[in-house]
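Undergrad: fold the following for me, if possible:
(one chain, ligands or ions: 1)
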Amino acid sequence: MYRFIFGIVMMIIIFTTPKIIFGQEKFDEEEIYQKRMELYKKAEAASLIPWYYFAAIDQYERNVRQVRRDLPKPTGVLGIYIKPEIWAGPLNKNPHDTNPFTISQFGGFGMDGNGDGVADPTDDEDVIFAMARFLQSYGIDHKHIKMALWDYYQRSKTVDLILGKVKIYKKYQTLKLDDHVFPLPLHANYSYRDTWGDKRGWGGRRIHEGTDIFASYGVPVRSTCYGIVELKGWNNYGGWRVGIRDINNTYHYFAHLNGFSPNLREGQIVEPGTIIGSVGSSGYGPPGTAGKFPPHLHYGMYKDNGYTEWSFDPYPHLKAWERAEKQKKK
Ligand SMILES: [Zn+2]
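TA: Numbering: from 1, shown residues only. Predicted coordinates for the structure are as follows:
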């Protein structure tokens with residue numbers, strides 16, 4: 001039934017909205033956000049699935065694609081990549097089939113979304129409508145979309161990352177969530193230098209996966225980004241720590257805290273500047289251990305690529321956020 005309605009609604013959308021030609025044109029950032037939102041809203045109108053589900057899937061895939069060499073670079077404004085054999089259908093002898101009829105005969109994912117007679121996996125409208133149809137075939141409520149995502153990605157972390165973004169986009173109702181701040185208030189006394197990758201003696205053969213920002217006990221620690229609290233608790237190395245996942249699949253890690261903000265909880269949405277706790281010296285022992293080193297914030301950044309997660313140097317980012325915030329204040 002859904003499928004039937006989907007077809008009708010889609011035809012109405014296709015023939016009543018002006019054609020967007022993406023091609024090789026260069027758009028500025030503002031235009032790109034606008035074009036993306038138009039596509040998500042069209043998918044919403046056709047499927048009755050809220051736009052932020054499409055935004056979250058697209059944003060997740062865009063970020064995976066940016067850090068993976070085995071995936072081709074996007075040609076349009078969307079980041080969603082559908083493998084040729086999935087698009088054409090697993091039993092289709094031609095993995096680059098663009099004929100909507102034969103693709104549907106072989107149970108392919110692909111469809112003709114913009115009414116040009118071709119099901120093109122590099123065409124943004126074809127891709128977003130194909131995704132909309134796929135999700136809708138499970139049902140349009142959160143629970144069924146989650147099942148669809150699980151079947152599609154077969155990785156619970158990916159599903160969690162996408163649903164985290166859904167929550168963030170739903171709350172802020174915008175795609176522009178790239179603002180950052182420095183983790184400590186700039187008026188506080190603090191110092192830091194680039195020590196990422198330094199050898200660490202404690203806990204075996206490890207390298208230092210972050211930047212240490214030295215400051216006094218109790219200096220507020222702030223979220224550096226828009227994101228969702230993925231983790232809050234104790235770890236023998238990190239002490240009291242918080243992990244925040246932003247919309248770029250980046251995980252921001254705050255360790256050795258003195259304590260947490262009273263209302264902070266896992267699953268909470270935070271924004272640049274939200275106070276999450278304060279500087280301390282917790283860690284390097286069982287829960288409650290503190291004072292084994294001078295108080296500092298250990299700040300780490302990690303990236304997910306769809307398979308695994310790795311640490312990268314936060315120092316250049318800290319410098320850039322600090323500089324941008326100083327300039328703003330002037
Ligand atoms: Zn550290």
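Undergrad: list the residues that contact S191.
TA: Residues in contact with S191, defined by Cβ atoms under 8 Å, 6 or more residues apart in numbering, are I213, F214, A215. (C-beta placed from N, C-alpha, C; glycine too.)
Undergrad: can you check L257 too?
TA: By Cβ under 8 Å, 6+ apart, L257 lies in contact with V221, G239, W240, R241, V242, I276, G277, S278, V279, G280, S282, L297.
Undergrad: and which of those residues is nearest D198?
TA: Distance to D198 across the contacts of L257 (Cβ to Cβ) is lowest for L297, with 16.5 Å.
Undergrad: quick check: the closest one is in a strand.
TA: Yes - L297: assigned to a strand according to DSSP: H, G, I helix; E, B strand; the rest coil.
Undergrad: that one bridge partners, please.
TA: With DSSP bridges as the criterion, L297 is bridged to I213.
Undergrad: wait, it sits on P185?
TA: No - using Cβ atoms under 8 Å, L297 makes no contact with P185, being 11.8 Å away.
Undergrad: please say which of these two ends up with more neighbours.
TA: L297 (25 against 16; other Cβ atoms under 10 Å).
Undergrad: contact partners for that one?
TA: L297 neighbours (Cβ under 8 Å, 6+ apart): P183, L184, D212, I213, A215, V221, F254, A255, H256, L257, V279.
Undergrad: check what pLDDT it gets.
TA: pLDDT recorded at L297 is 97.
Undergrad: how much space between the residue of the stretch 101-250 of the chain at minimum distance from the ion and H256?
TA: Of all residues in the stretch 101-250 of the chain, D212 sits closest to the ion, at 4.2 Å by Cβ to the ion. Separation of D212 from H256 (Cβ to Cβ, to the nearest Å) stands at 9 Å.
Undergrad: what touches both of those two?
TA: Contact criterion Cβ under 8 Å, 6+ apart; residues shared by D212 and H256: H296, L297, H298.
Undergrad: residue contacts, the last one?
TA: Read it as H298. Counting by Cβ under 8 Å, 6+ apart, H298 touches G210, T211, D212, I213, G238, Y253, F254, A255, H256.
Undergrad: swap the cut-off to 7 Å and go again
TA: By Cβ atoms under 7 Å, 6 or more residues apart in numbering, the contact list for H298 reads G210, D212, G238, A255, H256.
Undergrad: could I have the CA atoms of stretch 273-292 written out in CSV?
TA: The C-alpha trace of stretch 273-292 is given here as CSV (Å, rounded to 0.1, in the frame of the first residue of the first chain):
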residue,chain,number,x,y,z
GLY,A,273,29.7,25.9,25.2
THR,A,274,27.4,23.6,27.2
ILE,A,275,29.2,22.9,30.5
ILE,A,276,29.7,19.2,31.0
GLY,A,277,32.0,19.1,34.1
SER,A,278,35.1,20.6,35.5
VAL,A,279,38.9,20.1,35.3
GLY,A,280,40.3,17.6,37.7
SER,A,281,43.0,14.9,38.2
SER,A,282,40.8,11.7,38.3
GLY,A,283,42.1,8.5,36.9
TYR,A,284,44.9,6.0,36.9
GLY,A,285,43.3,3.7,39.4
PRO,A,286,39.9,2.4,40.6
PRO,A,287,36.9,4.7,40.7
GLY,A,288,37.6,7.8,42.8
THR,A,289,41.3,7.8,42.4
ALA,A,290,42.6,11.3,42.0
GLY,A,291,45.7,13.5,42.5
LYS,A,292,48.3,11.2,40.8
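Undergrad: any idea of the mean pLDDT for it?
TA: 95.
Undergrad: ok, and does that stretch reach over to the ion?
TA: No - using Cβ under 5 Å from the ion, stretch 273-292 stays clear of the ion, with a minimum separation of 9.5 Å.
Undergrad: centre of the chain to that stretch, how far?
TA: Computed by Cα atoms, centre = their mean, to the nearest Å, the chain-centroid distance of stretch 273-292 equals 27 Å.
Undergrad: pull the residues that contact it.
TA: Looking at what lies outside stretch 273-292 - Cβ under 7 Å, 6+ apart - the contacts are 181, 202, 215-223, 234, 236-240, 242, 254-261, 264, 270, 293-297.
Undergrad: any weak-confidence spans in this protein?
TA: Low-confidence segments of the chain (pLDDT under 70): 1-27, 200-205.
Undergrad: relative to the top strand by length along it, what are the paired strands and their orientations?
TA: Taking DSSP state E as the criterion, the chain has its longest strand at strand 250-260. Strand pairing for strand 250-260, using DSSP bridges, gives strand 239-246 (antiparallel), strand 275-279 (antiparallel), strand 296-304 (antiparallel).
Undergrad: the ones you listed: which one's closest to G79?
TA: Per Cβ to Cβ, nearest to G79 of the strands paired with strand 250-260: strand 296-304, 14.2 Å.
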